[in-house]
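1. make a model of this:
(chains A and B)
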Amino acid sequence: MLSLKIIAENPDVIIDRLKVKNFDASAIVERLAGLDSERRQLQAHLDTSQSAFNKLSKQIGTYYQQGKKAEAEEARDRSAGLKEEIKRLSPELADIEARVKELLLQLPNLPHESVPQGKLPEDNLLVRQGGEMPELQPGALPHWELARKYDIIDFELGSKITGAGFPVYKGKAAKLQRSLINLFLDSAARAGYTEIIPPIAVNEASAFGTGQLPDKEGQMYYINEDNLYLIPTAEVPLTNIYRDEILSYKDLPRRLTAYTPCFRREAGSYGKDVRGLNRLHQFDKVEIVEIQHPDRSYETLENMTSYVEGLVKLLGLPYRILLLCGGDMSFHAAKTYDFEVFSAAQQKWLEVSSVSNFESFQSNRMMLRYRDEDGKNIRPAHTLNGSALALPRIMAALLENNQSPEAIHIPPALVPYTGFEAISL
RNA sequence: GGAGAAAUGGCAGAGUGGUCGAAUGCGGCGGUCUUGAAAACCGUUGUUCCGUUACCGGAACCGGGGGUUCGAAUCCCUCUUUCUCCGCCA
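-> Modelled structure (predicted):
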């Protein structure tokens, strides 16, 4: 959510910048400006009436105490008009405020000035590429066939127990999955992130805070009876730790990491892109989150990106980093780097991480602020997060890229965790 | 799931209808003292919105929402959360 103040002060800048996201903000901005001045006027009026009413009430109290019953009753009659006015104007103000909020929620975050204009994934900017492209032997199998061949991931069994998109990992794949999680968590801890085990169901306020609500409720599994949402990412509980908080500038940055299962309904996405592990309803992910001072958030974005790059390198996967164009970015992000690894048997780039700076977009929603060094100014902090990493597609690429006709080889960095060097028959 | 108690500022904790945004203590910040620090003493210390934006003035907020009243932290209703006991249970 953008702040009303900034919109009112720089309407043209807002409209201009949002064009990069292919969003025409002019109508909303104009309506906001009108509503805002209406709101100010009404607030001033209401405050004055309230003030007069409060004075009268006190006066009445004094009269009663002095036994001046007639004066008290006369003053009470006089206050009736004010009371009625307050009763009439208060809901009007609340209504305007609600309308302002509703409009504010429709505006996407402003893209950072370094974000390229563009509409499609093809307009994303290749930032870096690394790792060696594996040369697979003829007859190399996609991961879903490797999964069947070595009996390590069972999609049909998941279907039986739950439904499509809920695979069952068995034996060495289960161990490999857990090894990846441990490797990622240990690395994050070494890099200075504090490990958290958060709830994986969240309430409405939390889902609103990070931007899943409203509008994206279709993405989340909802527990109707308790009004809770299963998290689509650990970003939600982690960032909401600081909801309604005022941190000291000394507390910044706050750096957190968590492993959680993630749940996504992904309604309406079917087809061959979703085979195997490529797109699931439940998957594992290690997330990193950082709450940072606005002056340093872009430095942090680069650092987080380098950190994630280190993980992909550690696993020996061919990867590329993309700077997303305005049109491909999420509604909430100001700047996003996507990580893709190459899954050799599918001959496909798979997105395994998305690292974003949200600036104050989430902070404004959840009142996450910090008190600056001068001790006086309270401002929204910047929030950032990134996958480090999402497991299934990493698993897919590892299985495919490291296969030989008789085995799948485990990258050396993982062997201390798995305790085995290969998956074979 | 059943019974009971509670929810007040960063924390602890007073306040049972008016002058209460709220005593007191701790903590934080500034100062005096000190070579420096501690102690002691003095001062200061919530958030949001509106108006002015130097200073300052006004409004709202005592878990959330609603009600009674001229007036609510205080009374009533409701929801949520926490604690204690019982039951069930990984």
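
2. low pLDDT regions in chain A?
-> Scanning chain A for pLDDT under 70 picks out A:267-273, A:375.

3. and it, which residues reach RNA strand B?
-> Counting by C-beta under 7 Å from any atom of the strand, the positions of chain A adjacent to RNA strand B are A:39-40, A:43-44, A:46-48, A:50-51, A:53-54, A:56-58, A:60-62, A:64-65, A:76, A:79, A:83, A:246, A:369, A:371, A:375, A:378. All C-beta atoms are positioned from the backbone trio N, CA, C, and that covers glycine.

4. now those residues: which count as buried?
-> Buried by 16 or more other C-beta atoms under 10 Å: A:39, A:46, A:50, A:53, A:56, A:60, A:76, A:79, A:369, A:371, out of the residues of chain A next to RNA strand B.

5. just those: which are in helices?
-> If you go by DSSP state H, these have A:39, A:46, A:50, A:53, A:56, A:60, A:76, A:79 in helices.

6. how much space separates residue A:186 from residue A:416?
-> 10 Å (C-beta to C-beta, to the nearest Å).

7. correction: the previous question concerned residue A:192.
-> Residue A:192 is 22 Å from residue A:416, by C-beta to C-beta.

8. next: residue A:281.
-> 31 Å.

9. so between the two, which is more surrounded?
-> residue A:281 (18 against 10; other C-beta atoms under 10 Å).

10. and residue A:242, how far is that from RNA strand B?
-> 14 Å (C-beta to the nearest atom of the strand, to the nearest Å).

11. so what's the residue count around that residue?
-> Residue A:242: 24 neighbours (other C-beta under 10 Å).

12. swap in residue A:307?
-> There are 18 residues near residue A:307, going by other C-beta under 10 Å.

13. give me the buried positions along stretch A:101-108.
-> A:103-105, A:107-108.

14. hmm, who's touching that stretch?
-> By C-beta atoms under 8 Å, 6 or more residues apart in numbering, the residues outside stretch A:101-108 that reach it are A:1-2, A:4, A:7, A:14, A:18, A:21, A:23, A:25, A:28-29, A:31-32, A:35, A:214-215, A:331-332.

15. one more time with 6 Å
-> A:1-2, A:21, A:23, A:25, A:28, A:32, A:331 (C-beta atoms under 6 Å, 6 or more residues apart in numbering).

16. in ChimeraX, how would I select the buried members of the residues you listed?
-> Selecting only the buried entries of the contacts of stretch A:101-108 in ChimeraX, with 16+ other C-beta under 10 Å as the criterion:
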select /A:1,2,21,23,25,28,32
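
17. got JSON lines for the contacts of stretch A:101-108, with secondary structure and distance to residue A:159 too?
-> Shown next, in JSON lines, are the contacts of stretch A:101-108 (DSSP: H, G, I helix; E, B strand; the rest coil; distance: C-beta to C-beta, whole Å):
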{"residue": "A:1", "secondary structure": "coil", "distance to residue A:159": "40"}
{"residue": "A:2", "secondary structure": "coil", "distance to residue A:159": "43"}
{"residue": "A:21", "secondary structure": "helix", "distance to residue A:159": "38"}
{"residue": "A:23", "secondary structure": "coil", "distance to residue A:159": "39"}
{"residue": "A:25", "secondary structure": "coil", "distance to residue A:159": "44"}
{"residue": "A:28", "secondary structure": "helix", "distance to residue A:159": "44"}
{"residue": "A:32", "secondary structure": "helix", "distance to residue A:159": "48"}
{"residue": "A:331", "secondary structure": "coil", "distance to residue A:159": "32"}
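
18. which one of the contacts of stretch A:101-108 sits closest to residue A:239?
-> Comparing those against residue A:239 with C-beta to C-beta places residue A:1 closest, at 13.8 Å.

19. who's in contact with that closest one?
-> Contacts of residue A:1 (C-beta under 6 Å, 6+ apart): A:104, A:364-365.

20. dump the residues you listed to TSV, plus secondary structure and distance to residue A:293.
-> Shown next, in TSV, are those (three-state DSSP; distance: C-beta to C-beta, whole Å):
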residue	secondary structure	distance to residue A:293
A:104	helix	24
A:364	helix	16
A:365	helix	19
